[in-house]
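A.B. asks: need a structure here:
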Amino acid sequence: MSTALPTPLTLAWRPDGDPASLREREWLTTNGLGGYASASVLGVATRRYHGWFVPNLSDPKGRHVLVPRIDEEIELGDRVVNLGGAEMRDGELHSDAHRYLREFRLEALVPTWTFDVDGTVIEKSLVMPHGQNTVCVRYRLVGGPPRRMRLRLFVGQRRSDARLEPSDAWPFAMELAGPRHELHVHGVGTVRLRARPDGTTFLADARVDRDVLFRVERDRGYDHREHLHSPGCYQWTLDSRTPASLTLTTENAAALDVDPDSHFEAERTRLAGLVAASGVDERDDFARQLVMAADQFIVVPGSRREEALLASASGEEVRSVMAGYHWFNDWGRDTMISLEGLALCTGRHREAAATLRTFAHYIRDGLLPNLFPEGGREALYHTVDATLWYFHALARYASRSGDLALVRDLYPALQSVIDHHLRGTRFNIQVDPADGLLRAAAEGYQLTWMDAKVGDWVVTPRRGKPVEIQALWYSALASMAEWSEALGMPEPRYRSLASDARASFNRRFWNARLGHLFDVVDGPHGDDASLRPNQIFALSLTHPVLEQQHWRAVVDAVADRLLTPMGLRTLSPDHPDYQRFYEGTLLARDAAYHQGTVWPWLIGHFVDAWQRVHGNRADARSLLREFPTHLTDYGVGSIAEICDAERPHRARGCIAQAWSVAEVLRAWLATRA
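C.D. replies: Sure thing, here's the model as predicted:
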């Protein structure tokens, strides 16, 4: 089965290379609960979110950086080489990793480093067992004489998104329990540790590393220093016969009894099974890599484990989608946009159905949740499009799986959603009886996917009748008409509502003077003719709302001014609000977030529209040509959230974004020759 795995993604390294290149690339491994381990390839933590062990806990809720750093020291006679470390107050590297690293590779999502320390060749790898809040780091001597090695453990207690506040207060207590240690982290819980081989020495040597710098946080204008606390270090002599390892867990003590090699083999076997079950051509390494990347987002929400217990008792499963690592939790909109690429294109229909059922339980007043905030259980509903994307995801599920039983089960909830939108629901979301189009506006809220907000400033409010909302509304009505007939209970009103909305859309949104669609009509200041990518959904969805005679003009306009090798710009460069780069303070970045910044996920729907107009798969595939290289540019093995609007279209934001991976994979598979 392991032959189904793609060729490892490999970064070769020379000792004279610029360490900034390693610092700007990041690795990520996840556990299917929303927890993760991640840092820069160099080993230096550059973000507050980085850590060797960041589980997603149910009590206290949220992701917590419990082990922000591990320093690895190798003794070479009277000299000590540090392969881990941090950036200190003066900004100089406190690490020798870049001098001795020879290769970094991502193999079956397992990050692996090879170091050559004056002829001593050491391989380090790390895995998080699926479905557990556990991490295991392993060291192998693959060349050279035995060496004494020490691992210095640093322990934290803060939530991953918490403010960095340097403190000398000791965040934990440590005790020995047989061959294991227990860290009692104040306000969080117990972390259990076991070093192997048994008999490994623990040296009690408490230390506070003060004013550790997180470079990316500094560059983004955030608080960026904290004190890290270490109780001491593990020490052993590393030889070629026996790997050395350290396992950490918040599970019960039995989790430490599993042989570390078994964790690595189990993860490899699990991923090989997922790749094989996807049906992706074994010659297509890029697609197979994305199948594995997709797995990192499909989760049982670890911070809401009570949901899983209740669902299990009733014979159901709970599934959701983490929108992006490191700081996004599960979002309704992102989940529904991503579901086809993450689950349906990869053969995971059962999990897609479970996700749709899970979110159905959260529908309130005809709305799907926008997001579940970090550390909280109560959903937030300030969105107009997440609910409509739910219809899209269900339609794609039904089409691919042929499972009308799920549609039947959800049909009453879907009817209620339509009725709420017709009567009016929260945030002034309501169908305008004058034209059958869906309007939404609430002061101080950003209700569409262009949702940047700084303080009280909503950057792109888009109040009124946004173009993609009408496309989604029409498609939802058309799907409801089809489902009502397929289920043997036809409701003619859905076709009537869809027909009225389509006629009004084509009358109201086509801008003959500019040759493309308005972005918003009936806004507070009239109609907005800004050229944005949102209009592409008018012809990319299953049921296109736009009349075919205008398809080519829309595709050409978007291709001419918005298309880049990494996705679509969010605003035309000739607009006065256009921002070329996403950088600087939070205010500067949010001002650029949807004002030019490129979003890779949009390329999926552009490819759909392109193929509808041109029908040329080879040309459509060429629109995706930069993405295979991108897999080693930023978040190794995944696709970024956003990119700069101008060349070289530098990756920004989250290092791994669900809808980026999902839509690129979906488009890639849809353009096979």
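A.B. asks: what lines up beside whichever strand or helix holds His181 in the sheet?
C.D. replies: Applying DSSP states H and E as the criterion places His181 in strand 180-185. Each strand paired with strand 180-185, and its direction, by DSSP bridges: strand 172-177 (antiparallel), strand 189-196 (antiparallel).
A.B. asks: list the buried residues for the last one?
C.D. replies: The neighbour-count check on strand 189-196 (16 or more other Cβ atoms under 10 Å) flags 189, 191-196 as buried. Where C-beta positions appear, they are placed from N, C-alpha and C, glycine not excepted.
A.B. asks: returning to that earlier point: could you give the mean pLDDT of the strand holding His181?
C.D. replies: Here strand 180-185 scores 94 as its mean pLDDT.
A.B. asks: buried set for that strand?
C.D. replies: 180-183, 185.
A.B. asks: and what of stretch 468-486?
C.D. replies: For stretch 468-486, using 16+ other Cβ under 10 Å, the buried residues are 468-484.
A.B. asks: so where is the stretch 201-350 of the chain shaky, pLDDT-wise?
C.D. replies: Low-confidence segments of the stretch 201-350 of the chain, defined by pLDDT under 70: 312-313.
A.B. asks: and the helices in it, which stretches?
C.D. replies: Using DSSP state H, counting those that start in this stretch, the helices found in the stretch 201-350 of the chain span residues 215-219, 260-278, 285-295, 305-313, 332-339, 349-360.
A.B. asks: kindly compare burial across these and name the winner.
C.D. replies: Compared across the helices of the stretch 201-350 of the chain, helix 332-339 shows the largest average neighbour count, a mean of 28 (mean count of other Cβ atoms under 10 Å).
A.B. asks: ok and that one relative to helix 349-360, angle-wise?
C.D. replies: 160 degrees (axes from the mean of the first three to the mean of the last three Cα atoms, to 10 degrees).
A.B. asks: which residues touch Thr190?
C.D. replies: 182-184, 250 (Cβ atoms under 8 Å, 6 or more residues apart in numbering).
A.B. asks: so Met450 makes contact with His594?
C.D. replies: Yes: using Cβ atoms under 8 Å, Met450 is in contact with His594, at 4.0 Å.
A.B. asks: any common contacting residues for these two?
C.D. replies: In contact with both Met450 and His594: 459-460, 570, using Cβ under 8 Å, 6+ apart.
A.B. asks: what would these look like in a markdown table with neighbour count and distance to Leu83?
C.D. replies: Listed next are the shared contacts of Met450 and His594 as a markdown table, based on neighbours: other Cβ atoms under 10 Å; distance: Cβ to Cβ, whole Å:
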| residue | neighbour count | distance to Leu83 |
| --- | --- | --- |
| Val459 | 19 | 43 |
| Thr460 | 26 | 45 |
| Thr570 | 27 | 41 |
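A.B. asks: ok, these vs Gly347, which is closest?
C.D. replies: Thr570 (32.4 Å; Cβ to Cβ).
A.B. asks: how about the closest residue to that closest one other than its chain neighbours, phi and psi?
C.D. replies: In space, and not counting its chain neighbours, Thr570 is closest to His594: 4.4 Å by Cβ to Cβ, 6 or more residues apart in numbering. His594 adopts backbone torsions of phi -130, psi 30, taken as degrees, to the nearest 10.
A.B. asks: and the pLDDT at His594?
C.D. replies: 97.
A.B. asks: one more: Ser21?
C.D. replies: In this prediction Ser21 is given a pLDDT of 91.
A.B. asks: helix or strand: which one has it?
C.D. replies: Going by DSSP H and E, Ser21 is part of helix 19-23.
A.B. asks: using PDB, list the CA coordinates for that helix.
C.D. replies: Output of helix 19-23 as PDB, limited to C-alpha atoms (Å, rounded to 0.1, in the frame of the first residue of the first chain):
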ATOM      1  CA  PRO A  19      19.500  30.800   6.800                       C
ATOM      2  CA  ALA A  20      16.700  33.300   6.000                       C
ATOM      3  CA  SER A  21      15.500  30.900   3.300                       C
ATOM      4  CA  LEU A  22      15.100  28.200   6.000                       C
ATOM      5  CA  ARG A  23      13.500  30.600   8.400                       C
END
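A.B. asks: give me the contact list for it.
C.D. replies: 11, 13, 40-42, 44, 46, 93, 97-98, 101, 104, 215.
A.B. asks: what residues sit buried inside it?
C.D. replies: Neighbour-count burial for helix 19-23 [16+ other Cβ under 10 Å]: 19, 22-23.
A.B. asks: orientation of the next helix or strand after that helix relative to helix 285-295 in degrees?
C.D. replies: Moving toward the C-terminus from helix 19-23, the next helix or strand (DSSP H and E) is strand 26-30. Relative orientation of strand 26-30 versus helix 285-295 (the same axes, to 10 degrees): 60 degrees.
A.B. asks: mind saving the C-alpha coords of strand 26-30 as PDB?
C.D. replies: C-alpha atoms of strand 26-30 as PDB (Å, rounded to 0.1, in the frame of the first residue of the first chain):
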ATOM      1  CA  GLU A  26       7.600  26.300   7.700                       C
ATOM      2  CA  TRP A  27       6.700  22.800   8.400                       C
ATOM      3  CA  LEU A  28       3.400  21.500   9.900                       C
ATOM      4  CA  THR A  29       2.100  18.300  11.100                       C
ATOM      5  CA  THR A  30      -1.400  17.800  12.600                       C
END
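A.B. asks: tell me the angle that strand makes with helix 260-278.
C.D. replies: Going by the same axes, to 10 degrees, strand 26-30 makes 90 degrees with helix 260-278.
A.B. asks: strands along the stretch 1-150 of the chain, start to end?
C.D. replies: 9-12, 26-30, 36-40, 51-54, 56-58, 61-63, 69-76, 79-82, 101-107, 110-117, 120-127, 134-143, 147-155 (DSSP state E, counting those that start in this stretch).
A.B. asks: on that earlier part again, just how off-centre is the strand holding His181 within its chain?
C.D. replies: 31 Å (Cα atoms, centre = their mean, to the nearest Å).
A.B. asks: what sits up against that strand?
C.D. replies: Under Cβ under 8 Å, 6+ apart, the answer for strand 180-185 is 66, 155-157, 171-176, 190-194, 202, 231, 253, 256.
A.B. asks: returning to that earlier point: can I get the buried part of the contacts of helix 19-23 as one PyMOL selection?
C.D. replies: To isolate the buried members of the contacts of helix 19-23 in PyMOL, using 16+ other Cβ under 10 Å:
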select buried, resi 11+13+40+41+42+44+46+93+97+98+101+104+215
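A.B. asks: hmm, which of the contacts of helix 19-23 is lowest in pLDDT?
C.D. replies: Leu93 (57).
A.B. asks: can you show me the helices along the stretch 551-673 of the chain?
C.D. replies: So, for the stretch 551-673 of the chain - with DSSP H, counting those that start in this stretch - the helices run 551-561, 586-592, 602-614, 617-622, 627-630, 658-670.
A.B. asks: to Leu342, which of the ones you listed lies closest?
C.D. replies: helix 658-670 (4.7 Å).
A.B. asks: only C-alpha atoms, please: export that closest one in PDB.
C.D. replies: The C-alpha coordinates for helix 658-670 follow below in PDB (Å, rounded to 0.1, in the frame of the first residue of the first chain):
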ATOM      1  CA  ALA A 658      -8.200  24.600   3.500                       C
ATOM      2  CA  TRP A 659      -9.900  26.200   0.600                       C
ATOM      3  CA  SER A 660      -6.600  26.900  -1.200                       C
ATOM      4  CA  VAL A 661      -5.700  23.200  -1.100                       C
ATOM      5  CA  ALA A 662      -9.200  22.100  -1.900                       C
ATOM      6  CA  GLU A 663      -9.800  24.300  -4.900                       C
ATOM      7  CA  VAL A 664      -6.400  23.800  -6.400                       C
ATOM      8  CA  LEU A 665      -6.800  20.000  -6.100                       C
ATOM      9  CA  ARG A 666     -10.300  20.100  -7.500                       C
ATOM     10  CA  ALA A 667      -9.300  22.200 -10.400                       C
ATOM     11  CA  TRP A 668      -6.200  20.100 -11.000                       C
ATOM     12  CA  LEU A 669      -8.200  16.900 -11.200                       C
ATOM     13  CA  ALA A 670     -10.900  18.600 -13.400                       C
END
